[in-house]
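A.B. asks: sharing a model prediction with you, sequence too.
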Amino acid sequence: MQHVEKHPILSVESLRKVYGAGAGAVEAIGNLDFTVARNELICIVGPSGAGKTTFLRCLSGLLAPTSGQVVLEGKKVEGPPEGMAVVLQEYSRSLYPWMTVYDNVELPLKAKGLPAGERRTAVTEALGAVGLSSSTKAYPWQLSGGMQQRVAIARAIAYRPKILVMDEPFAAVDAQTRAELEDLVRDLWQRLGVTVLFVTHDIDESVYLGQRVLVLSSAPTFIMEEVRIGLPDERDQLSTRALPEFARLRTQVYELIQQAKLVTYRTERPVAGEAVSHSV
Ligand SMILES: Nc1ncnc2c1ncn2[C@@H]1O[C@H](COP(=O)(O)OP(=O)(O)OP(=O)(O)O)[C@@H](O)[C@H]1O
């Protein structure tokens, strides 16, 4: 049973996305319906090809849904929403190599039109929060992968987003760095009170990070199940992962994903000539 928040910051309402039209149409999202409460940390997992990228593109206003809508803070998303920051897996492609760490973090704040003094405070605080105060003058290519991803996170939080969307952000870093970055996300989430929507392939990561995990079906995507994560708020990599409840939850999510690979959501096939506003 889907939990419905009273005052959600984000509502995904009967979202459906069909690529193309006619016989060659691909229904990527069958029906997505869920809400995210303010200050929530929600994880989304699903089998490969489930439609996560398609969903994130609709969420960030880069792709128009075939039907349904995404509403952020009461406003229908029709283009990149101002209150959203996105951190991607490919940190090396999301930072400008010719700009220092400081300038990379400052760039979106300039675009937002923030005065110089406020920019300085926001950049300094954000780089401090991710532990990079001493690397402000470095260039991204002088940093390790994990540090570059910290820069991308600093840039996102300096922007003071209403919602921070993370798309498999740690898939390209080593296991130890990944654990550190997971703890950084929980720490920033608790300290800054930002809403986080975290998409991952990693079942353990979703259980370790989230308050709720949404398990997606194979495409055409719908929500197979929502798993409440009743682990204590104070989590750490050793003791939390050793809890019997952690093992129970990861087994539950794992089994759901196995089922997800077998289940297909049945919606009406799109009719020939059905309009699809944007294709990528
Ligand atoms: N531009 C497109 N045109 C046609 N079909 C597409 C397009 N983009 C994605 N699809 C199809 O939509 C479905 C969902 O793809 P999507 O990339 O959203 O899944 P994903 O969950 O992000 O995949 P992965 O986990 O492997 O990254 C797949 O069947 C895919 O082939």
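C.D. replies: On my side now, so go ahead.
A.B. asks: point out the residues in the stretch 51-200 of the chain that sit beside the ligand.
C.D. replies: Neighbours of the ligand within the stretch 51-200 of the chain, by CB under 6 Å from any ligand atom: 51, 52, 53, 54. Just so you know, the C-beta spots here come from the backbone N, C-alpha and C atoms, and that holds for glycine as well.
A.B. asks: now do the strands in the protein.
C.D. replies: All strands of the chain, identified by DSSP state E, fall at 8-19, 26-37, 41-45, 67-72, 75-76, 84-87, 163-167, 195-199, 212-216, 223-228.
A.B. asks: got those as a markdown table, with mean pLDDT columns?
C.D. replies: Conversion of those to a markdown table gives the following (pLDDT from 0 to 100):
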| stretch | mean pLDDT |
| --- | --- |
| strand 8-19 | 96 |
| strand 26-37 | 95 |
| strand 41-45 | 96 |
| strand 67-72 | 96 |
| strand 75-76 | 94 |
| strand 84-87 | 92 |
| strand 163-167 | 94 |
| strand 195-199 | 96 |
| strand 212-216 | 96 |
| strand 223-228 | 95 |
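A.B. asks: can you list these in CSV and add distance to residue 181 and mean neighbour count?
C.D. replies: Shown next, in CSV, are the strands of the chain (distance: least, CB to CB, whole Å; neighbours: other CB atoms under 10 Å):
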stretch, distance to residue 181, mean neighbour count
strand 8-19, 23, 20
strand 26-37, 21, 20
strand 41-45, 14, 24
strand 67-72, 25, 17
strand 75-76, 31, 12
strand 84-87, 10, 22
strand 163-167, 10, 23
strand 195-199, 11, 24
strand 212-216, 18, 23
strand 223-228, 22, 17
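A.B. asks: can you put the ones you listed in TSV and add distance to residue 262?
C.D. replies: Listed next are the strands of the chain as TSV, based on distance: least, CB to CB, whole Å:
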stretch	distance to residue 262
strand 8-19	21
strand 26-37	15
strand 41-45	16
strand 67-72	25
strand 75-76	34
strand 84-87	31
strand 163-167	26
strand 195-199	22
strand 212-216	13
strand 223-228	10
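A.B. asks: hmm, back to that, among the residues of the stretch 51-200 of the chain next to the ligand, who's most crowded?
C.D. replies: Using other CB atoms under 10 Å as the neighbour criterion, residue 51 leads those with 25 neighbours.
A.B. asks: how about the contacts made by that one?
C.D. replies: Going by CB atoms under 8 Å, 6 or more residues apart in numbering, residue 51 touches 17, 28, 29, 216, 219, 220, 221.
A.B. asks: how near is the closest residue to residue 49 other than its chain neighbours to the ligand?
C.D. replies: Spatial nearest neighbour of residue 49, chain neighbours left out: residue 219 (5.9 Å); criterion: CB to CB, 6 or more residues apart in numbering. Distance of residue 219 to the ligand, given as CB to the nearest ligand atom, to the nearest Å: 4 Å.
A.B. asks: quick one: contacts for the residue nearest to residue 54 when sequence neighbours are not counted?
C.D. replies: Closest residue to residue 54 apart from its sequence neighbours, by CB to CB, 6+ apart: residue 28 at 4.2 Å. Shown in contact with residue 28 (CB under 8 Å, 6+ apart): 17, 18, 19, 51, 54, 219, 220, 221.
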